[in-house]
Structure formats: C-alpha cells, structure tokens
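Enquirer: Give the three-dimensional model of this entry:
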Amino acid sequence: MGNTALKSHLETSQKTGVFQLTGKGLQEFPEDLHRLTANLRTVDLSGNKIELLPAFIGNFLQLKSLTLNSNRLTVLPDEIGKLKKLETLSLNGNRIQQLPPTLGQLKSLRTLSLAGNQFSKFPSGLGTLRHLDLLDLSQNQIQSVPAEVSELQAIEINLNQNQISALSAEVSHCPRLKVLRLEENCLELSSIPESILMESQVSLFSVEGNLFEVKKLRDLEGYDKYMERFTATKKKFA
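Expert: Sure thing, here's the model as predicted:
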C-alpha cells in the first residue's frame, strides 16, 4: 500500500475519528496512526497480516472500537488496558492463546469477540468488566468452563464449537447471564448442572450438537422452570 494512499486515509481519519483499512495485506500496525491518538474513536484493520500490536496502542485514549479480525496476532500488549473508553474489542480469527491481565481494566467494554483463536482454557480475570454484554469465545479449543465464570457480568456467552466436556454449576450464578451458547461441544447430559435450569436467569440455553439428544434436557429437574423463562422472553420480543 502506497504512502500517498495511507496519507489520505490519515487525513480523513483526522476529521472523522475513524480509521478503516481492511484487507490490504498490512504486516504491521501503521506507525503513522500514533499521530492521531487524540481523536481516533474507531479503528478497523481486519483482514490484514498484522502479528503484533505496538505499545503505543495504549495512547488512543478516545478509542471506542478496535477491530482486528482475521490477522495473525498471537498476544496482546499490556498497554491495551489503558483504553478506558473502549466499548468493542473484536479479535476474531487470530492466533491468541491468552489475554493480558490488564484487559480486566477496560471498564467500558461491552463486546469482547475472540472467536476462532487458540484458547484452550477459559480466559480468567474478566469479572471486573462490569458492562460486558457479549463474550464470544466460539471456535476455540476450550475444554471446561471453570467456577470463576460466576464473576462474569456478560448477558451472552458464546462457547459454540469448542471441546467443552465440563461445565461448572457456578455458571448459574452469573448475575446478568441470559444467553448461554454451547452448541457443538463434548457435553454429556450428566455434565449439565441442573442449577442452570432451576436457579439461573438463563432464558436461552443452546446445546445442540453435543453427546446427547437435546430433547433429553426435558428429563432434568428444573426444565419446566427454564421453559417458563424461555417462553416469557419469546413473548417479550414477539
């Protein structure tokens, strides 16, 4: 990509607060962007070949949305925790295996999308994200959902297409959780905690494509209670 093209992109971004440069084969995060740290609100660099985020990413204090889907990232810098206004962080289709502890400092974060990465463990330290609405961890290699999940404030957790065979009953204590997606995993019927059906606020529990027939859920205690929540939600949006 020529310097002239990049220059005109930068000039436009200075006015709009939006920098979007997708599918251009960029191998690194454009260094010239650091000149716009004061006014950038949206950055989308999806579909490139970026392997590293520079430490100066922490200087974009006005940034609300950072999208780097389909790149080659393996780690995130600690400095990402400085983005106190960030509401959307989308990193689908990279090679990330774990998150820096500083990610828990993103107090405004509403959407965290990490689908199609290389997580083998459920990421820890996300309980401090008080405004988190969606956590997408689909298409990873996660094998279990730990008790610590109860600290999450997410309204929806998407764990479709992982390798989950163990699900902690603590998930039923997630204070805001309404949608739990666990399609195409390795769950047995006996691995489903009945407390999710009986005690949680989950009104959409999606478990197709596991090691049992979905209709067998009806045999579990609490299924009727779950169906009451499911039906009430459906009516609300009908």
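Enquirer: Need the three-state assignment for residue 225.
Expert: For residue 225, the secondary structure call by DSSP: H, G, I helix; E, B strand; the rest coil comes out as helix.
Enquirer: The protein - how does it break down into domains?
Expert: In the domain annotation for the chain, the residue ranges read 1-92+103-114, 119-128+139-237 (the TED database).
Enquirer: residues in contact with residue 127?
Expert: 104, 148, 151, 152, 153 (C-beta atoms under 8 Å, 6 or more residues apart in numbering). In short, each C-beta sits where N, CA and C put it, glycine included.
Enquirer: returning to what we had before: can I get the domains of the chain in CSV with mean pLDDT?
Expert: Converted to CSV, the domains of the chain look like this (pLDDT from 0 to 100):
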stretch, mean pLDDT
domain 1-92+103-114, 94
domain 119-128+139-237, 96
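Enquirer: Give the buried subset of the contacts of residue 127 as a PyMOL selection command.
Expert: To isolate in PyMOL the members of these that are buried, counting by 16 or more other C-beta atoms under 10 Å, one can use:
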select buried, resi 104+151+152+153
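Enquirer: For residue 209, which residues are in contact?
Expert: By C-beta under 8 Å, 6+ apart, the contact set of residue 209 is 183, 184, 185.
Enquirer: now the residues you listed in TSV, with distance to residue 219, neighbour count and secondary structure?
Expert: What follows is the contacts of residue 209, written out as TSV (distance: C-beta to C-beta, whole Å; neighbours: other C-beta atoms under 10 Å; DSSP: H, G, I helix; E, B strand; the rest coil):
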residue	distance to residue 219	neighbour count	secondary structure
183	20	17	coil
184	22	18	coil
185	19	23	coil
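Enquirer: Go through those and name the one nearest residue 39.
Expert: Sorting the contacts of residue 209 by distance to residue 39 puts residue 183 at the head of the list, at 41.1 Å, by C-beta to C-beta.
Enquirer: Spatially nearest residue to the closest one (excluding sequence neighbours)?
Expert: residue 160 (4.3 Å; C-beta to C-beta, 6 or more residues apart in numbering).
Enquirer: ok, now how distant is that neighbour from residue 184?
Expert: Distance of residue 160 to residue 184, given as C-beta to C-beta, to the nearest Å: 6 Å.
Enquirer: and the gap between residue 124 and residue 145?
Expert: Residue 124 sits 12 Å away from residue 145, going by C-beta to C-beta.
Enquirer: same check, this time on residue 213
Expert: Distance, residue 213 to residue 145, using C-beta to C-beta: 21 Å.
Enquirer: what about the helices in this protein?
Expert: 3-16, 194-198, 223-237 (DSSP state H).
Enquirer: want to throw those into CSV with distance to residue 36?
Expert: Conversion of these to CSV gives the following (distance: least, C-beta to C-beta, whole Å):
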stretch, distance to residue 36
helix 3-16, 6
helix 194-198, 45
helix 223-237, 40
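Enquirer: Show me the one of those that comes nearest residue 82.
Expert: helix 3-16 (20.0 Å).
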